[in-house]
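Enquirer: give the three-dimensional model of this entry:
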Amino acid sequence: MYKVPFVNIPKHYQNLKSEILKTIDDVLSRGDLILRKDVEDFEKSIANFVGTKYAVGLNSGTDTMFLTLKALGIGPDDEVITVSHTFVASIAVIVQAGAKPVLIDVKEDFTMDVDKLEQAITEKTKAIMPVHLNGRVCDMDRIMEIAKKHNLVVIEDAAQALGAKYDGKMAGSFGLVGSFSLYPFKVLGCFGDGGILTTNDEKLAEKIKLLRDHGQKTKTEIVCFGFNSRLDNLQAAILNLKFKYLPKYIQKRREIAENYNKGLSDAKGIKLPPAPDADEKHFDNFQNYVLIAEKRNDLFNFLKEKGVETLIKDPIANHQQPGLGLSHFNLPISEMLAEKVISLPLYPELTSEETDYVIKCVKEFYK
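Expert: Numbers count the residues shown, from 1 in each chain. The predicted structure is shown next:
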């Protein structure tokens, strides 16, 4: 049977194997494992790429949001506005910081519905956390305008949006903080867990550097209670290697997305994501290629039988998860998306032959 995996880390590794092994050998030969030059170099590269003054490497995208909330003192009696249609970590960090998540709906392009934003603001609101899901940046002009009007902090959950732009400006450069995941399946991923945040606020960057390393200012001076949330130096070295290929990776993803859009344009029963050049405002990195599909579960099973691996992420909306206590939110678009979205394979190593086969199988299902 012809098989198309949803992701292909082994193939990705093989393409970079000699460079990766050389990088690992170099780091281990130096013995540089914790908060060394490779981390500093990567932080500088990401700050320059995103267009901010500072970047701080942490152990996950989750911690970039959590430590930001802790550094800002957002906690009990405070509210943070975000969306339900996102990975649960976006909401969990708010709860873990002691604050209350206030969830609003998204539009059918998966970005925050800004028309719903202002009515969710109360005297307890301290921050807005837009999520740039699938590598598509939210309407940051309006979000920043509303935040300024109400004196609120904006924390961009850009976990999936490294290299994505809105009106020519990089994701992660609009708000006080941009939060990025470096999970292996991301546009730029390490071989384990990792995250990095971007900011123009020097004091905040320094505060988070303290929090990531147990509050240690020096080896002998501890200035606050902190956490253990460092980006490993070995992972940073691998990320430095892969960073030079990032523009190529994004371009390849956009080409595959364009091929999907063209090939599936006449397919019945599905709604396609906006094409790479659908409008002048958005430059999507296509972290994911997500369909809104009728008979979604049947399509998933059909493609599985055909050897095409797909992903149904969060088939139950976060606010409808019984264990999270968020069922009081009424979010019809988020609920519809939970029932209908399915992600097709999309990664730089995907061949045109594989893409054509996926298109053929999807169209065959909807005949």
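
Enquirer: tell me where the stretch 201-350 of the chain has strands.
Expert: Assigned by DSSP state E, counting those that start in this stretch, the strands in the stretch 201-350 of the chain fall at 270-271, 282-283, 289-293, 341-344.

Enquirer: include mean neighbour count and mean pLDDT when you put these into CSV, please.
Expert: Where you see a C-beta, it was placed from the backbone N, CA and C, and this is true even at glycine. Shown next, in CSV, are the strands of the stretch 201-350 of the chain (neighbours: other Cβ atoms under 10 Å; pLDDT from 0 to 100):
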stretch, mean neighbour count, mean pLDDT
strand 270-271, 16, 98
strand 282-283, 21, 98
strand 289-293, 23, 98
strand 341-344, 21, 98
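
Enquirer: how about the ones you listed in TSV, adding distance to Asp41?
Expert: Formatted as TSV, the strands of the stretch 201-350 of the chain follow (distance: least, Cβ to Cβ, whole Å):
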stretch	distance to Asp41
strand 270-271	42
strand 282-283	26
strand 289-293	32
strand 341-344	33
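
Enquirer: these: which one's closest to Asn261?
Expert: Closest approach to Asn261 among the strands of the stretch 201-350 of the chain (Cβ to Cβ): strand 289-293, 8.9 Å.

Enquirer: any idea how the chain splits into domains?
Expert: Taking the TED database as the criterion, the chain consists of the domains 9-239, 247-366.

Enquirer: and these: which comes nearest Tyr2?
Expert: Minimum separation from Tyr2 across the domains of the chain (Cβ to Cβ) falls at domain 247-366, 5.1 Å.

Enquirer: run a quick neighbour tally on Ala147.
Expert: Other residues lying near Ala147 total 23 when counted by other Cβ atoms under 10 Å.

Enquirer: let's verify it: helix, strand, or coil?
Expert: Here Ala147 is recorded as helix under DSSP: H, G, I helix; E, B strand; the rest coil.

Enquirer: quick check: it touching Met129?
Expert: No. Using Cβ atoms under 8 Å, Ala147 is not in contact with Met129, being 10.8 Å away.

Enquirer: any residues in contact with both of these two?
Expert: Shared contacts of Ala147 and Met129, defined by Cβ atoms under 8 Å, 6 or more residues apart in numbering, comprise Val154.

Enquirer: TSV for the domains of the chain, including distance to Lys3?
Expert: Below are those laid out as TSV (distance: least, Cβ to Cβ, whole Å):
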stretch	distance to Lys3
domain 9-239	12
domain 247-366	4
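
Enquirer: list the contacts of the residue nearest to Asn318 when sequence neighbours are not counted.
Expert: Spatial nearest neighbour of Asn318, chain neighbours left out: Ser84 (4.7 Å); criterion: Cβ to Cβ, 6 or more residues apart in numbering. Taking Cβ under 8 Å, 6+ apart as the criterion, Ser84 is in contact with 91, 103, 105-106, 317-319, 326, 329, 331, 334.
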